[in-house]
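A.B. asks: Quick one, fold the following:
(one chain, ligands or ions: 1)
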Amino acid sequence: MHEDSNDIFEKGLLDHYCDRPHVLEKLSLAEFAANYRFSSSYATKGIPLLNEGGYIFERTSSRILRFRNYYYEMDPDNYMREHIMLYYDWRDEERDILNRKLEELFLKHEKRIQKIKKQFHSLDDTVLTTALEEASQRLDESTATEKPDRPTFDFDTYSLDDSTSFADIQKELQDDSKSETVKFTSPQKMNDSDFQNLFEKLNQDQRDYITHVTNHFKKSSKQMLHFLTGGAGVGKSLVINTLYQTLFRLLNSSPDSDPDIPKILLCASTGKASFNIGGQTIHSAFKLPLNQKELNHLSSDISHTLSTKLHDLKVLIIDEISMVGQHILDMIDQRLRHLLCKDVPFGGVSVITVGDFFQLRPVCARPLYYPESSNPYAEIFGETLWRKFKVFQLKKIMPQNDMQFQVALNNLARGKLTKSDIRLFRKRTFKSVPDTTNFDDAVHLFTKNEDVDNYNKMVLNKIKGRTTNCAASDILRGTGSQLEYRFFKKFKDETYGFTSIKI
Ligand SMILES: Nc1ncnc2c1ncn2[C@@H]1O[C@H](COP(=O)(O)OP(=O)(O)OP(=O)(O)O)[C@@H](O)[C@H]1O
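C.D. replies: Below is the predicted model:
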């Protein structure tokens, strides 16, 4: 077979459904997809598919289904077709659906279709349509963007069954990446005058760095690995923001460039840090496993989508690099090599890391600057990768309002307190707090959650005014006492003690 031949195909979910054994004849596609997983090889409890199509296994936890949702009023044909496909049993699409009168088929089986559909939708269509219309109206008002000609909506349905723990669901989501979407979050392009103002705000060092990077991209396609550092308040976030806007303009300047295909990704190690720069977490961008040391295998679907979306990626900016452990950097490297099919560091993408190693360390992981361990595979775990990064430093502390305090904090971080720094801190400490009521607005730090809760409750109780109750209802689908044990008991505290549950 020729190496470019297209005569290769792999069976997918629909094929497995069509090959389902006769005992599952009456099963709809949605039920099949949610409750069975496929394997090409046999293991205990495997149910053989017809046509030697492999084996299916009953899932212990139902899968989350994601599909396009049509509304009858807007698109009746697709609505009926989708409902029949998902919630009615069929085996041969052409024979059982396409060659039949859609409306007749739908009306004849509507009751059954709606009954099965109910298992997968916690809201009915009317509620969803109203909510979506309201949301779209609000969006129109705030952005004044045009409405799409034919609105279609993607949404997820969740369904859980027995013995499913929360961690298992997370794992399921990761292992079965088919149910994930690939989405990149990045800041909007600024208008020209805001961009100019932003640029003019930069001090000399900040401007020099941005010009250095921009010139590099203007002249060369060579990979750049940078570490931009500096203490608190030197303007690292401002540089990231301006650099993104500058590179966005530069890298999308060719007439055939599609700005929706990302050329720059803005990431950070935590949700909060990524929110601050308008980006996303490293884990979500690269579909990295949570709480696991080893890189997860992506399904062919996700891998293909990610490769397609990232094929034009030129720069990856990572903020708060001090919180990124060696193994995470290694995972990013491996992921990019794989997705971009280039066996060079980070698949050839330029990486600009930003942060301050005097700030927070990674949680339960080796920081990047740690020396090589005695591990003979150290190289694989990212340590030597870090040594490829060139360091740039910003020194000038920018917020002018409390400069002395900022300088003292940076000196403290470096263990280089001056006498006047010490005097400054001493002025702000108390041996015993004279009157706590003077400190109501101050940030309180506690070492135990219990103390945090007590303090929050005390402050909440002090708030005067009318109390409003907002009722929340939590719906868990599934059966069995395990469900009650694992979810109800586990989450009771987190939902502030919701007390009734229907199983
Ligand atoms: N060139 C500048 N001119 C005026 N203000 C600036 C300048 N650079 C930074 N700032 C201001 O200084 C403050 C600190 O900047 P920024 O948050 O970017 O610093 P940072 O290095 O990211 O700090 P941290 O490490 O604490 O996150 C911000 O209010 C920012 O707007």
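A.B. asks: helix or strand for the residue nearest the centre of the chain, which one?
C.D. replies: What sits nearest the mean C-alpha location of the chain, by CA atoms, centre = their mean, is residue 284, with 3.3 Å. Assessed by DSSP states H and E, residue 284 sits inside helix 282-286.
A.B. asks: what distance separates that helix from the centre of its chain?
C.D. replies: Its chain's average C-alpha position is 6 Å from that of helix 282-286, according to CA atoms, centre = their mean, to the nearest Å.
A.B. asks: Stretch 82-92 too?
C.D. replies: Using CA atoms, centre = their mean, the offset of stretch 82-92 from its chain centre is 32 Å.
A.B. asks: What score does residue 483 have for pLDDT?
C.D. replies: Per-residue pLDDT puts residue 483 at 59.
A.B. asks: cool, residue 452 as well?
C.D. replies: pLDDT, residue 452: 91.
A.B. asks: cool, and residue 15?
C.D. replies: Reported pLDDT for residue 15: 85.
A.B. asks: now swap in residue 275 and tell me
C.D. replies: 90.
A.B. asks: Is it within a helix or a strand, and which one?
C.D. replies: helix 271-276.
A.B. asks: other SSEs contacting that helix?
C.D. replies: Applying 3 or more CB pairs under 8 Å, 6 or more residues apart in numbering; DSSP states H and E, one finds that helix 271-276 makes contact with strand 264-268, strand 280-281, strand 315-319. From N, CA and C alone the C-beta is placed, and that goes for glycine too.
A.B. asks: Just the mean pLDDT for the second one, thanks.
C.D. replies: Confidence for strand 280-281, expressed as mean pLDDT, is 92.
A.B. asks: what's that strand in contact with?
C.D. replies: 184-185, 265-271, 274 (CB atoms under 8 Å, 6 or more residues apart in numbering).
A.B. asks: again, but for stretch 49-57
C.D. replies: Taking CB under 8 Å, 6+ apart as the rule, stretch 49-57 contacts 11, 15-16, 19-22, 36-43, 45-48.
A.B. asks: Count the residues that sit near residue 343.
C.D. replies: 9 (other CB atoms under 10 Å).
A.B. asks: Distance check, it against residue 337.
C.D. replies: From residue 343 across to residue 337, the span is 6 Å (CB to CB, to the nearest Å).
A.B. asks: now swap in residue 259 and tell me
C.D. replies: From residue 259 to residue 337 the distance is 26 Å (CB to CB).
A.B. asks: out of these two, which sits in the more crowded spot?
C.D. replies: For residue 259 and residue 337, the more surrounded residue by other CB under 10 Å is residue 337, and the numbers stand at 17 against 12.
A.B. asks: host element of the more buried one?
C.D. replies: Following DSSP H and E, one finds residue 337 within helix 326-339.
A.B. asks: what is the rounded mean pLDDT of the next helix-or-strand element following that helix?
C.D. replies: Downstream of helix 326-339, the first helix or strand assigned by DSSP H and E is strand 350-355. If you average the pLDDT over strand 350-355, you get 97.
A.B. asks: Ok, stretch 388-405 next?
C.D. replies: 86.
A.B. asks: what sits up against it?
C.D. replies: In contact with stretch 388-405 (CB under 8 Å, 6+ apart) are residues 203, 205-206, 209, 212, 224-236, 238-239, 345, 351, 353, 406-407, 410, 420, 424.
A.B. asks: quick one: which helix or strand includes the residue in the stretch 51-200 of the chain positioned nearest to the ligand?
C.D. replies: Here the residue of the stretch 51-200 of the chain nearest the ligand is residue 200; by CB to the nearest ligand atom that distance is 9.3 Å. Here residue 200 sits within helix 192-201, counting by DSSP H and E.
A.B. asks: name the helices or strands packed onto that helix?
C.D. replies: Using 3+ CB pairs under 8 Å, 6+ apart, helix 192-201 is in contact with helix 236-251.
A.B. asks: Contacts for the helix it packs on, please.
C.D. replies: Against helix 236-251 from outside (CB under 8 Å, 6+ apart): 186-187, 189-190, 195, 198-199, 201-202, 206, 209-210, 213-214, 217-218, 228-230, 257, 259, 263-264, 266, 276-278, 314-315, 317, 319, 352, 354-356, 394, 398.
A.B. asks: Hey, what's the angle from it to strand 315-319? Just curious.
C.D. replies: Calculated by axes from the mean of the first three to the mean of the last three CA atoms, to 10 degrees, helix 236-251 forms an angle of 170 degrees with strand 315-319.
A.B. asks: average pLDDT across helix 236-251?
C.D. replies: 95.
A.B. asks: Then stretch 368-377?
C.D. replies: In this model, stretch 368-377 carries a mean pLDDT of 68.
A.B. asks: Give me the buried entries from the contacts of strand 280-281.
C.D. replies: With burial judged by 16 or more other CB atoms under 10 Å, the buried subset of these is 184-185, 265-270, 274.
A.B. asks: hey, C-alpha coordinates of the helix holding residue 284 in CSV?
C.D. replies: This file holds the C-alpha atoms of helix 282-286, laid out as CSV (Å, rounded to 0.1, in the frame of the first residue of the first chain):
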residue,chain,number,x,y,z
ILE,A,282,-0.8,24.4,31.4
HIS,A,283,-2.8,21.3,32.2
SER,A,284,-5.8,22.3,30.2
ALA,A,285,-3.8,23.6,27.3
PHE,A,286,-1.8,20.4,26.9
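A.B. asks: tell me what that helix is packed against?
C.D. replies: Right, helix 282-286 is packed against strand 264-268, helix 326-339 by 3+ CB pairs under 8 Å, 6+ apart.
A.B. asks: which residues touch residue 288?
C.D. replies: Contacts of residue 288 by CB under 8 Å, 6+ apart are 282, 295-296, 328, 331-332, 335.
A.B. asks: Among these, which one lies nearest to the ligand?
C.D. replies: If you rank those by distance to the ligand using CB to the nearest ligand atom, residue 282 comes first, at 17.3 Å.
A.B. asks: That closest one and residue 330 touch, don't they?
C.D. replies: No - with contact defined as CB atoms under 8 Å, residue 282 does not reach residue 330; the gap is 11.9 Å.
A.B. asks: How much space separates residue 227 from the ligand?
C.D. replies: According to CB to the nearest ligand atom, to the nearest Å, residue 227 stands 14 Å off from the ligand.
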